[in-house]
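Colleague: Provided below are the primary sequence and the corresponding predicted coordinates.
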Amino acid sequence: MPRLSRSAVAAAAAVALALGQASAAGGPAAGDAARGERVFQRCYACHSVDPDETADLQGPSLFRILGRPAAAKSGFAYSDAMRKRAAGGLVWDTATLDAYVADPESVVPGTLMSSSPVPSAEDRADLIAYLSRSGAFQD
Ligand code: HEC
């Protein structure tokens with residue numbers, strides 16, 4: 001049996017927990033990551049999910065975004081609006097990601113993110129499934 005590292009197991013458990021909590025709370029259903037990779041093309045101009053990304057993109061890396069507190073990527077120049085929401089305890093879980101992607105201004109009024117909203121709940125669920133593939137945030 002292949003041995004998984006402790007952190008990989010913890011990350012998988014955290015994602016399972018995050019997804020489980022969302023469905024228990026009546027949140028978005030678990031989506032299809034393969035479809036989500038296509039939906040990510042809407043984000044791709046400004047974000048990557050590569051931990052070693054070197055391109056100077058307009059948005060912060062979304063590597064292990066699930067469970068990550070807002071504005072936590074060191075070295076990225078977040079807006080004051082995002083820092084304020086982060087200070088208020090905003091964490092990116094399936095529910096907050098879903099709401100932010102549907103309407104960025106509704107979650108972070110004054111956010112710098114000027115992407116077009118993703119109106120379909122199914123597309124958003126698939127997108128979040130794709131994003132969760134890189135694992136969950138760990139300190
Ligand atoms: C036009 C460029 C652009 C596009 C397209 C875009 N974003 Fe962003 N995104 C940004 C910027 C800039 C920020 C920082 C916002 C701020 O500081 O207010 C951001 C922030 C975020 C954050 C918060 C990250 C953190 O570290 O707190 C998430 C999550 C996010 N974007 C997800 C997405 C997703 C998912 C998509 C695709 C549906 C997307 N974005 C499309 C530019 C973009």
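Modeller: Sure thing, it's come through.
Colleague: Mind picking out the helix or strand in this structure with the poorest mean pLDDT?
Modeller: The helix or strand of the chain with the poorest confidence is helix 6-24; it has a mean of 51 (mean pLDDT, DSSP states H and E).
Colleague: If we go by neighbour counts, what in the helix or strand that that one is followed by is buried?
Modeller: Per DSSP states H and E, the first helix or strand lying C-terminal to helix 6-24 is helix 33-39. By 16 or more other CB atoms under 10 Å, the buried positions in helix 33-39 come out as 33, 35, 36, 37, 39. The way it works is simple: take the backbone N, C-alpha and C, and place the C-beta from them, glycine included.
Colleague: where's the third one relative to the ligand, distance?
Modeller: Which is residue 36. Taking CB to the nearest ligand atom, to the nearest Å as the criterion, residue 36 is separated from the ligand by 10 Å.
Colleague: Touching, that residue and residue 122? I think so.
Modeller: No: the pair residue 36 / residue 122 is not scored as a contact, 10.0 Å apart, by CB atoms under 8 Å.
Colleague: how about the buried residues of helix 33-39 in JSON lines, adding pLDDT?
Modeller: Formatted as JSON lines, the buried residues of helix 33-39 follow (pLDDT from 0 to 100):
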{"residue": "33", "pLDDT": "96"}
{"residue": "35", "pLDDT": "97"}
{"residue": "36", "pLDDT": "97"}
{"residue": "37", "pLDDT": "96"}
{"residue": "39", "pLDDT": "97"}
